[in-house]
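A.B. asks: Sequence and predicted structure are below.
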Amino acid sequence: SGASDNPGGSGLAGYSIVFDNLALTNPDGTIEVPQTLAVSYGATSPPLPDGTSFWFHLRACDLAGNCSLTQHLGPFFIDSTVPGNPAAILSTSHLIAPALNTDRTIDMSWSVASDNLSGVDGYSFSFDNLAAVTCDQVKDAEETTLATTSATLADGSWYFHLCTRDNAGNWSASATAGPYIIEAAPPQALVIETVADTDDGVLTAGEQTVTPITQIVVTFSEPVADPVGNSDPDDVTNPANYQLIRPGQDGIFQTVSCIAVGGDDVKTLPTAVDYLAASRTAIARYDSNTSLPAAHYRLLVCGSTSILDLAGNPLDGDANGTGGDDRVVPFEVTSADLLHNPNFDSAISGWTTLPAT
């Protein structure tokens, strides 16, 4: 605020000021801010470096060259440097890609961030599907928080972003961890087809057909496990995972899952299974010479015991969102086809070529 001179004095000339990093500096009496009729006055320092001890010093001087005692104001801290992000940001629950994770919530932790001047004030963080983002500069947690857990996330690739705020309001750029691939949805057997095709091309529950079936073709909703060989219980090419069940002498189905054959039911397995990874299709060949005889059948594509996706989720046979059950398709072949290899789907060595006539 404006100063005043003693009554009868020479009157105020103005103000001598200094900005520096000392607590008790006396300005030299040179007028930097002249006295006017203003009620209040101000001054701006030159650009100053970062530091923790800047002071403003002021003396009022009259026209005779007399100056008041110095007023000191400070210290002022200047921090224009962004803080340093944590050196370590990692997930305590998920492995980084290409690993697959079945947990839909990601736990993250990080080390303490650094700031040599004003100190760390807190963090902003987010989970999304982007490899790089700009910090939104909204503080989500205090500086004492060193961990967080995501909301429930959908299947896909997820990244964690974190940026640090200091007490002067400076924000760091975002630091990113990931991607973490979530694969929690169980696989499903989307389509069941046959060789030869049924009337509509798809084998549906309760269908009656005279088609000479020698192969059953299963298309899955996502890639499934196909380890080397075909004997692993979880292998999509293991014949035990494609069971054809017929009722026994009592004519009643008693088998309810792939776990065990019930009563006197009869189980038939394919002689071989091929898997086409590009189309996620398994082809089960039941007999290269003779089609399925006339009978009632239950096809069991096994999820209660075996077929898994690449993340280890078991088959969701009934498509209710929870894995670990079989895809069950009851059907009936109403008439046997007596022709050997009716679909030309095996070697032709058993065939005889006749003259054109």
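C.D. replies: Nice, I can see it. Residues are numbered from 1 along each chain as shown.
A.B. asks: The residue nearest the centre of the chain is in what secondary structure piece?
C.D. replies: Nearest to the mean C-alpha position of the chain, counting by C-alpha atoms, centre = their mean, stands W158 at 2.6 Å. W158 belongs to strand 156-166 when assigned by DSSP states H and E.
A.B. asks: circling back: need the contact list for the residue nearest to the centre of the chain.
C.D. replies: 106, 127-129, 150, 178-182 (C-beta atoms under 8 Å, 6 or more residues apart in numbering). No exception for glycine: its C-beta is placed from N, CA and C like everyone else's.
A.B. asks: State the distance from it to N129.
C.D. replies: Per C-beta to C-beta, to the nearest Å, W158 is found 6 Å from N129.
A.B. asks: quick one: the strands in the stretch 201-350 of the chain?
C.D. replies: Secondary structure of the stretch 201-350 of the chain (DSSP state E, counting those that start in this stretch): strands at 207-209, 215-220, 242-246, 266-268, 272-276, 281-285, 295-301, 327-333.
A.B. asks: closest to L162 out of those strands?
C.D. replies: strand 215-220 (37.4 Å; C-beta to C-beta).
A.B. asks: Given the closest one, what are its sheet partners and their directions?
C.D. replies: According to DSSP bridges, strand 215-220 has the following sheet partners: strand 189-195 (antiparallel), strand 281-285 (antiparallel).
A.B. asks: I'd like those as JSON lines, with distance to V33 appended.
C.D. replies: Output for the strands paired with strand 215-220, formatted as JSON lines (distance: least, C-beta to C-beta, whole Å):
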{"stretch": "strand 189-195", "distance to V33": "81"}
{"stretch": "strand 281-285", "distance to V33": "85"}
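A.B. asks: Mean neighbour count, the ones you listed: which tops it?
C.D. replies: strand 281-285 (a mean of 21; mean count of other C-beta atoms under 10 Å).
A.B. asks: Could you give the separation of that strand from the chain centroid?
C.D. replies: Taking C-alpha atoms, centre = their mean, to the nearest Å, one finds strand 281-285 lying 32 Å from the centre of the chain it belongs to.
A.B. asks: which residue sits closest to A3, ignoring its sequence neighbours?
C.D. replies: Among residues not flanking A3 along the chain, A60 sits closest, at 3.7 Å (C-beta to C-beta, 6 or more residues apart in numbering).
A.B. asks: what sits opposite the one you found in the beta ladder?
C.D. replies: Beta-bridge partners, per DSSP bridges, of A60: Y15.
A.B. asks: so what's it up against?
C.D. replies: Contacts were defined as C-beta under 8 Å, 6+ apart; by that measure A60 touches 3, 12, 14-15, 67-68.
A.B. asks: and which of these is nearest V120?
C.D. replies: Of the contacts of A60, the one sitting nearest to V120 (C-beta to C-beta) turns out to be Y15, at 38.7 Å.
A.B. asks: number of nearby residues for the closest one?
C.D. replies: Neighbour count of Y15, defined by other C-beta atoms under 10 Å: 22.
A.B. asks: Also P46?
C.D. replies: 5.
A.B. asks: I'd assumed F19 was in contact with it.
C.D. replies: Yes. Judged on C-beta atoms under 8 Å, P46 makes contact with F19 at a distance of 7.1 Å.
A.B. asks: Look up phi and psi at P49.
C.D. replies: phi -80, psi 170 (degrees, to the nearest 10).
A.B. asks: give me the number of residues near the closest residue to it other than its chain neighbours?
C.D. replies: Leaving aside its chain neighbours, P49 sits nearest to I78 (7.1 Å; criterion: C-beta to C-beta, 6+ apart). The tally of other residues near I78 (other C-beta under 10 Å) stands at 18.
A.B. asks: go on, E207?
C.D. replies: E207, neighbours per other C-beta under 10 Å, totals 18.
A.B. asks: Across the sheet, point out what pairs with it.
C.D. replies: F331.
A.B. asks: can I assume it is in contact with D197?
C.D. replies: No. Look at E207 against D197 with C-beta under 8 Å: they stay out of range, at 11.9 Å.
A.B. asks: Correct me if wrong: S124 contacts F160.
C.D. replies: No. Look at S124 against F160 with C-beta under 8 Å: they stay out of range, at 11.8 Å.
A.B. asks: sorry, back to before: who wins for proximity to T144 among the strands paired with strand 215-220?
C.D. replies: So among the strands paired with strand 215-220, strand 189-195 is nearest, using C-beta to C-beta, at 49.4 Å.
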